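J.: Kindly generate the corresponding structure for this input.
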Amino acid sequence: MGKNFPQDLNDCNEYRGMVHWFSPVVLLKTAKKVIDSTLFGQYADRRLVHAALDSPIIADTLIEECCGGKTGVCGEKDKEAIWLDYVADLGDGFDSTYAIAYLIGQKRIQVSTNESLPRADCLVMGGDQVYPDASREEYKKRMLRPYKAAFPKTPKPDACHPKVYLIPGNHDWYDGLNLFLANFCRGRETFVGSWVASQKRSYFAIHLGQNWWIWGFDSQLGEDIDKPQADYFTTVASKMPNDAKVILCASVPTWLKADIAGDKKGQEEYYRALHYVADILLTGCAGAKIPVVISGDLHHYSRYVGKETGTQFITAGGGGAFLHPTHHLSDTISTKWPGASGDEDTLEIARNGAVAESKKAMSPAQSVSKRLALGNLWFWYKNPDFCLVLGLLYLVCGLLILAWNGYGSVGADARFLDRLVTQIWLVAPSPVFVIVAFSLFLVFFFSAEIRVDIPGWKKRASEKLQKWRLRETSSSKLRRYTAQAAERSLVLAAFLASRKLHVVTLHWIAHVLVLTVGVSSISVLAAYLTPLGIFADLVYFLLLSLGLLLLGFIGGSIWGIYLTAASWFWGR
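T.: As a prediction, this is how the structure comes out:
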């Protein structure tokens, strides 16, 4: 490697490995960043500040100066084809990020015996350029270094420098977007390897050529579009030629996230930004079409086709980060989409071939995805630090519980089994145990991300209830109150029947059983083995602490089973 690259390829600090997502340090650090960025993103939106510092939009020259002009950024008007590369979710381990960057940077790659693909005319990065959060060091070592190594900038006069355009993902936003703007939105040529970034803002509208365009929008962390961004796209749409064909580049595959969300409120939140930008285009440019919507965020590949509009909805988050499952993906998805009748369209999973039996357009294949999910059973082995922290949690909970009931000293002259049973019966009904158990349930429930399911009976009942409410008169207070009470009852019944509640409850029961039996048995055993003398209490405490810490690995095994079950059956 060149002088700008450390020579020791085994140096994990310089050539980072994959992010250890279940490391307690990473979890706490990321959680803090999420809270800070979500809170301050609402009150100190960097998009507004950056737009205010930028030059005002001049409608008559915007297309020529910022959007590639009439010819487009991809070359001649009579060019037979335009090649575009897309990558998202890329700033993870050096090896995986470099592998993808190397393929993108090659002048030509052979994909089969008789077919090869050229290097693209321009590259689009669709978000999450760095993990686990945005920092100068992480951008340098997890994103910029692999891309510089894969396709280095050379001083040769005939060197190729394709354009690169970027939008931020949620991980780019975890520092308030500061470093993303500093690295890629300078308004002048900035090299990423041999690719050249020149955009001024965290969003863009680019004419590729032959009236094909790509719009990349920045929806921040809450699927919101700020006013300067809306004004920018409105101006671009008004100046585009009629019948433009536009690829929309989003940071989140809202069609999949809305399907996972299940509830109407959650779905509306996901639809918000994408539909807003699509409406700006379709109302501002006569005859405009959206053949493709593409996004990353979920780390797999899938392609759906709108049954009515024919729009291709592509998720392509394979830039080098860990893999997300595909076996939970539905073959059909009902989604809101501008341009369809009633703004509703049905998305069907595409097929890689002309016949119905062709493989579904997704990777990994669903059978492979299920098999890979079994790897979660080794959770305790792969995440010892998480298990130790879980053991520490058991220790704190155990000490609180035992402080109420005595530290395993019951029936000192009885057999071990009798003392164990007595200790369990003393521990289980205690007020401290109830408080600890309830607190654990709340933590497990609100931290779980399991696909929401709306039972069919609930949907049918809601539809009938809605029709019944439409027939009510303004004077029918009884009917109105009855309808409201019935709606609340349906919500409660659906919650009690939800798979999230069932799965989390089983997970919680398993940990409570481990905590109860483990604390009781270890405390009794520690008391049973502790010799008499002045160091008895110290020895007892050390044995108790060691036992409960090791109990965390049993808890880690339970966590692995939980993750396997959640992923195997529901993909989350």
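J.: Isn't Ala44 up against Gly176?
T.: Yes - taking C-beta atoms under 8 Å as the definition, Ala44 is a contact partner of Gly176 at 7.1 Å. All C-beta spots, glycine's among them, are computed from the backbone N, C-alpha and C.
J.: more neighbours, these two?
T.: Neighbours were tallied for Ala44 and for Gly176 using other C-beta atoms under 10 Å; the higher tally belongs to Gly176 (19 against 10).
J.: Tell me which helix or strand in this structure has the weakest average pLDDT.
T.: In the chain, no helix or strand scores lower on mean pLDDT, DSSP states H and E than helix 456-470, which sits at a mean of 49.
J.: Check the offset of the helix or strand containing Phe386 from the chain's centre.
T.: Using DSSP states H and E, Phe386 maps to helix 384-405. The chain centre lies 30 Å from the centre of helix 384-405; the measure is C-alpha atoms, centre = their mean, to the nearest Å.
J.: buried residues in that helix?
T.: Neighbour-count burial for helix 384-405, counted by 16 or more other C-beta atoms under 10 Å, picks out 386-391, 393-395, 397-399, 401-402, 405.
J.: Which residue ranges make up each domain of this structure?
T.: 24-364, 379-453+498-570 (automatic domain parsing).
J.: okay, now Pro118: neighbour count?
T.: Residues near Pro118, counting by other C-beta under 10 Å: 11.
J.: how close does it sit to Val111?
T.: Going from Pro118 to Val111 by C-beta to C-beta, to the nearest Å gives 11 Å.
J.: swap in Glu308?
T.: 32 Å.
J.: Of these two, which one has the most company?
T.: Neighbours were counted for Glu308 and for Val111 using other C-beta under 10 Å; Glu308 has more, 14 against 10.
J.: Can you pull the poorly scored residue ranges out of the stretch 51-200 of the chain?
T.: Applying pLDDT under 70 to the stretch 51-200 of the chain flags residues 75-78.
J.: where do the strands sit along it?
T.: 84-87, 108-112, 115-118, 122-125, 163-166, 190-192, 195-197 (DSSP state E, counting those that start in this stretch).
J.: what packs against the helix holding Phe386?
T.: Where contact means 3 or more C-beta pairs under 8 Å, 6 or more residues apart in numbering; DSSP states H and E, helix 384-405 is packed against helix 24-43, helix 416-427, helix 431-447, helix 499-529, helix 536-570.
J.: unless I'm mixing things up, Ser96 is touching Met18, no?
T.: Yes - between Ser96 and Met18 there is a contact under C-beta under 8 Å: 7.0 Å.
J.: Check Ile454 and give its pLDDT.
T.: Looking at Ile454, its pLDDT reads 50.
J.: ok, now Tyr407?
T.: For Tyr407, pLDDT reads 58.
J.: mind listing what's buried in stretch 142-155?
T.: Buried residues in stretch 142-155, defined by neighbour count with 16+ other C-beta under 10 Å: 142-152.
J.: Quick check: phi and psi on Phe204?
T.: Main-chain torsions, Phe204, degrees, to the nearest 10: phi -160, psi 160.
J.: what pairs with it across the strands?
T.: Gly216 (DSSP bridges).
J.: Tally up the residues packed near it, please.
T.: Neighbour number of Phe204 under other C-beta under 10 Å is 25.
J.: Check Ile214 too.
T.: Neighbour tally, Ile214, other C-beta under 10 Å: 23.
J.: how about it, secondary structure?
T.: Three-state assignment for Ile214 (DSSP: H, G, I helix; E, B strand; the rest coil): strand.
J.: Find the nearest non-adjacent residue to it, please.
T.: Ile247 (4.4 Å; C-beta to C-beta, 6 or more residues apart in numbering).
J.: I'd guessed that neighbour sits against Trp212; true?
T.: Yes - the criterion here is C-beta under 8 Å, and Ile247 meets it with Trp212 at 7.4 Å.
J.: Of these two, give the one with the bigger neighbour count.
T.: Ile247 (21 against 18).
J.: Could you verify that the more buried one is part of a helix?
T.: No - counting by three-state DSSP, Ile247 is located in no helix; its state is strand.
J.: So for Ser238, which of the helices and strands packed on helix 384-405 sits nearest?
T.: With C-beta to C-beta as the measure, helix 24-43 is the member of the helices and strands packed on helix 384-405 nearest Ser238 (29.1 Å).
J.: Can you name the residues in contact with stretch 382-389?
T.: Here stretch 382-389 makes contact (C-beta atoms under 8 Å, 6 or more residues apart in numbering) with 20, 22-25, 379-380, 549, 552-553, 555-556, 559.
J.: same check, this time on stretch 153-168
T.: 73, 107, 119-127, 129, 177, 180, 184, 191-199, 202-204, 206, 214, 216-218, 249, 251.
J.: In PyMOL, select just the buried ones from the residues you listed.
T.: A single PyMOL command selects the buried members of these (16+ other C-beta under 10 Å):
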select buried, resi 73+119+120+121+122+123+124+125+126+127+129+177+180+184+192+193+194+195+196+197+198+199+202+203+204+206+214+216+217+218+249+251
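J.: export the helices and strands packed on helix 384-405 to CSV and tack on distance to Arg351?
T.: Below are the helices and strands packed on helix 384-405 laid out as CSV (distance: least, C-beta to C-beta, whole Å):
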stretch, distance to Arg351
helix 24-43, 38
helix 416-427, 57
helix 431-447, 37
helix 499-529, 29
helix 536-570, 24
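J.: Any idea which of these gets closest to Leu329?
T.: helix 536-570 (11.1 Å).
J.: Quick one: distance of the closest one to the chain centre.
T.: Taking C-alpha atoms, centre = their mean, one finds helix 536-570 lying 27 Å from the centre of the chain it belongs to.
J.: Which parts of that helix count as buried, going by neighbours?
T.: 540, 543-545, 547-549, 551-570.
J.: Over to stretch 369-383?
T.: 369-370, 373, 376, 379-380, 383.
J.: do the same with stretch 93-104
T.: For stretch 93-104, a neighbour-count test (16+ other C-beta under 10 Å) marks 93-94, 96-98, 100-101, 104 as buried.
J.: Counting only helices, which of the residues you listed make the cut?
T.: Using DSSP state H, the subset of the buried residues of stretch 93-104 located in helices is 94, 96-98, 100-101, 104.
J.: from the residues you listed, which two are the most distant?
T.: Phe94 and Ile104 (15.5 Å).
J.: Inside helices: which ones of the buried residues of stretch 142-155?
T.: Per DSSP H, helices hold the following members of the buried residues of stretch 142-155: 145-150.
J.: could you dump these to CSV with distance to Arg136?
T.: Converted to CSV, these look like this (distance: C-beta to C-beta, whole Å):
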residue, distance to Arg136
Arg145, 12
Pro146, 16
Tyr147, 16
Lys148, 15
Ala149, 19
Ala150, 21
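J.: And those residues, which is closest to Ser238?
T.: Using C-beta to C-beta, these come closest to Ser238 at Tyr147, 35.4 Å.
J.: contacting residues around that closest one?
T.: 97, 101, 105, 192-193, 195.
J.: The same query, at a cut-off of 7 Å, please.
T.: Residues in contact with Tyr147 (C-beta atoms under 7 Å, 6 or more residues apart in numbering) are 101, 192-193.
J.: likewise Trp378?
T.: Gly560.
J.: What of Gly318?
T.: Gly318 neighbours (C-beta under 7 Å, 6+ apart): 299, 301.
J.: pLDDT at it, what is it?
T.: 88.
J.: Skip the chain neighbours and tell me the closest residue to Asp259.
T.: Ile333 (5.0 Å).
J.: If you count neighbours, what's buried in stretch 306-318?
T.: Using 16+ other C-beta under 10 Å as the test for burial, stretch 306-318 gives 306, 309, 311-318.
J.: end-to-end on that stretch?
T.: 23 Å (C-alpha to C-alpha, to the nearest Å).
J.: now that stretch, how far from the centre of its chain.
T.: 19 Å.
J.: With stretch 270-288 instead?
T.: With C-alpha atoms, centre = their mean, you get 24 Å for stretch 270-288.
J.: if you average pLDDT over that stretch, what comes out?
T.: Stretch 270-288 comes out at a mean pLDDT of 87.
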